[in-house]
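>>> Turn this into a structure:
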Amino acid sequence: MSDTSVALGAVSSAREAAQSAANQARADKARETAMSFEGVTLGELLQPMFDTVDTSDNAFGGGAAEKQFRSLQVLEMGKEIAKGGGVGIADSVYRQILAMQEKASS
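Numbering: from 1, shown residues only. Alright, predicted model coming up:
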C-alpha cells in the first residue's frame with residue numbers, strides 16, 4: 001500500500017469513529033429525553049391520587065408547606081419510577097425520537 005492509501009484509510013477510520021460517537025451521543029440524549037418525559041408523565045398521572053390523600057392526621061403531615069411542595073414531591077416520585085424501569089412509555093418515546101431523527105437526517 002502506498003502512503004497515500006494508508007493516510008486516506010486513517011482519515012476514513014477517524015471520520016467513521018467521529019460519526020459513530022456523534023450517533024451514540026444523539027442516542028444517549030434521546031434516551032435521557034424519553035426517560036425525562038416518562039417521569040413527568042407519571043408524575044402528572046400520580047398527582048390526582050395525592051390530591052385526595054388526607055395527611056393531616058399524622059405527626060408529620062398537613063400544613064401549608066406540604067400543600068405547596070406536594071406537586072414537586074409527586075414529580076420526583078414519577079422520575080424515580082421512570083428510573084426504576086417505569087411502565088414502558090420511555091421505550092416508545094425513545095423509538096419515536098430515533099425515527100424522527102433518522103427521517104430528518106435523510
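>>> Check the offset of stretch 51-70 from the chain's centre.
Remark: stretch 51-70 is offset 30 Å from the chain centroid, using Cα atoms, centre = their mean, to the nearest Å.
>>> Mind checking the pLDDT average for it?
Mean pLDDT, computed over stretch 51-70, is 75.
>>> how many neighbours does Gly63 have?
For Gly63, the neighbour count with other Cβ atoms under 10 Å is 10. For every residue, glycine as well, the C-beta is placed using N, CA and C.
>>> What of Asp54?
When neighbours are counted by other Cβ under 10 Å, Asp54 registers 8.
>>> what's the answer for Phe37, then?
With other Cβ under 10 Å as criterion, Phe37 counts 17.
>>> wouldn't it be in contact with Asp91 here?
No. Judged on Cβ atoms under 8 Å, Phe37 makes no contact with Asp91 at a distance of 11.2 Å.
>>> now the strands: where do they sit in this structure?
Per DSSP state E, the chain carries no strands over any range.
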